[in-house]
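J.: give me the fold of what follows.
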Amino acid sequence: QVQLQESGPGLVKPSQTLSLTCSVSGGSITTNYYFWSWIRQPPGKGLEWMGCITFSATTYYSPSLKSRTSISRDTSKNQFTLQLSSVTPEDTAVYYCAGGTTYGSIWPQTWGQGTQVIVSS
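T.: Numbers count the residues shown, from 1 in each chain. Prediction:
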């Protein structure tokens, strides 16, 4: 079955760009009708869908984060990447990558284990 694994730095300084990679195994990120999402959960708060990249490389972003978010992919490595610019301590969260046939308010079927990112100087 499909498995996802997040990787990236656990500590980012304010104003810098947060960059995370999701490695996908057991399936291809170009599989028809699949959406590959980034989702985060700040401490003490609920899950927030950030954006996704589709099987055909179309991207969709949360309106509240669109100006700071970029999602891309590397099909040769079967990976997709999140970049979040101009981070502040409010971007501290557990970041998840997820995949499936849904996105946005309908959570994807398969999730990575999540990676903690702290924004602090």
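
J.: strands of this protein, start to end?
T.: Assigned strands in the chain, in chain order: 3-7, 11-12, 18-25, 35-41, 48-54, 59-61, 69-74, 79-84, 93-100, 110-111, 115-119 (criterion: DSSP state E).

J.: in a markdown table, list those strands along with mean neighbour count.
T.: Quick note: C-beta positions are derived from backbone N, CA and C, even for glycine. As requested, the strands of the chain are exported to a markdown table (neighbours: other Cβ atoms under 10 Å):
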| stretch | mean neighbour count |
| --- | --- |
| strand 3-7 | 18 |
| strand 11-12 | 16 |
| strand 18-25 | 19 |
| strand 35-41 | 23 |
| strand 48-54 | 21 |
| strand 59-61 | 17 |
| strand 69-74 | 17 |
| strand 79-84 | 21 |
| strand 93-100 | 23 |
| strand 110-111 | 17 |
| strand 115-119 | 17 |
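
J.: is it possible to export those strands to a markdown table including mean pLDDT?
T.: Output for the strands of the chain, formatted as a markdown table (pLDDT from 0 to 100):
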| stretch | mean pLDDT |
| --- | --- |
| strand 3-7 | 98 |
| strand 11-12 | 98 |
| strand 18-25 | 98 |
| strand 35-41 | 97 |
| strand 48-54 | 97 |
| strand 59-61 | 97 |
| strand 69-74 | 98 |
| strand 79-84 | 98 |
| strand 93-100 | 97 |
| strand 110-111 | 96 |
| strand 115-119 | 98 |
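
J.: what sits against Arg40?
T.: Taking Cβ atoms under 8 Å, 6 or more residues apart in numbering, we find Arg40 in contact with 47-48, 50, 93-96.

J.: switch to 10 Å and redo it
T.: Counting by Cβ atoms under 10 Å, 6 or more residues apart in numbering, Arg40 touches 20, 47-50, 65, 82, 84, 91-96, 114-115, 117.
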